[in-house]
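S.K.: coordinates for the following, if possible.
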Amino acid sequence: MCGEKKETEENRQKKRVMEAAMRAGQILLANGAEISRVEETIDRICGHYGIESGSAFVLSNGIFITMGDRREEFFAKVQHIPVSGAHLNRVAAVNQLSREISEGKHTVEELDRCLDDIEQMPGKRPLIQMLASAVGSGAFCYLFGGALSDCASAFLSGFILYACLLHFGGRLSKIVGNILGGALVTFLCLVMYHMRLGNHISSMIIGSVIPMIPGVAFTNAIRDIADGDYIAGSVRMLDAMLVFLSIALGVGVVFTLYYRMTGGVLL
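M.R.: Numbers count the residues shown, from 1 in each chain. Reported below is the predicted structural model:
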């Protein structure tokens, strides 16, 4: 009787480990980590707590995790994870937690509390995000050959763009949001160009759209494909390409309307 009770408690403990490994993988995947990092973290957590039969299959928007053989009770779970933005501070926190687990610094009971703390990590304040967008827009405008006046216009355009994305982003689909974002920055840059606040319209627009470019997703897509995760890499690459096309569509629509209104004269 005592042996059965001990075995049941051991199985419960292993299920808790599998649930925690799933949560850790979910946090990583939802916040921009590549597939190999998610799989390695899950394997590391399972291996440290003595789960020999644990196995994980990770896609760009889902995790399949199983456990079970002749010596261990069977466990299986599937978790859908929508494709979203990157929060690399949470990815770094889970990586650090994984290292500490490997060093034996956390018990199974502590895992849930640690993961709760990571999930509740606050993001950057809206004003910080808007200023970062503005600085990035101005800096990239300069790198693409813009003058100081162009950089100042791109700075303002990037600030307004991100303010609108933060306010309306949750109400719009990703495609519609990026189309409207590309149209907005193009309109703002054209207005500032005609107000003599900038001299190089192309540099202003290129710098202003940079905050919308999914650089992390595109980079992770290449890394996943290079690691042999072709399905996940292709999905992420397709998602990034849709963003690129949506931004280009927004810019192109405003330019087309501008041409029609001005009789084909842009500059």
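S.K.: break down this protein into its helices, ranges please.
M.R.: 2-30, 35-48, 88-102, 108-119, 126-143, 148-168, 174-194, 201-209, 215-226, 230-262 (DSSP state H).
S.K.: what's the most buried one of those helices?
M.R.: Mean neighbours per residue, mean count of other Cβ atoms under 10 Å, is largest over the helices of the chain for helix 201-209, with a mean of 26. To be clear about C-beta, it is placed using only N, CA and C from the backbone, and glycine gets the same treatment.
S.K.: average pLDDT for that helix?
M.R.: On average, the pLDDT along helix 201-209 is 90.
S.K.: and for stretch 95-111?
M.R.: For stretch 95-111, mean pLDDT is 83.
S.K.: before we move on, what about stretch 55-68?
M.R.: Averaged across stretch 55-68, pLDDT comes to 82.
S.K.: what's the end-to-end length of it?
M.R.: End-to-end distance of stretch 55-68 (Cα to Cα, to the nearest Å): 9 Å.
S.K.: figure out how far that stretch is from the centre of its chain.
M.R.: How far stretch 55-68 lies from its chain's middle: 19 Å, per Cα atoms, centre = their mean, to the nearest Å.
S.K.: one step back: wait, which of the helices of the chain is closest to residue 55?
M.R.: helix 35-48 (8.5 Å; Cβ to Cβ).
S.K.: list the helices and strands that closest one packs on?
M.R.: With contacts taken as 3 or more Cβ pairs under 8 Å, 6 or more residues apart in numbering; DSSP states H and E, helix 35-48 sits against helix 2-30, strand 55-59, strand 62-67, helix 88-102, helix 215-226.
S.K.: by mean pLDDT, point me to the weakest helix or strand of this protein.
M.R.: Within the chain, no helix or strand scores below helix 2-30, which has a mean of 76 by mean pLDDT, DSSP states H and E.
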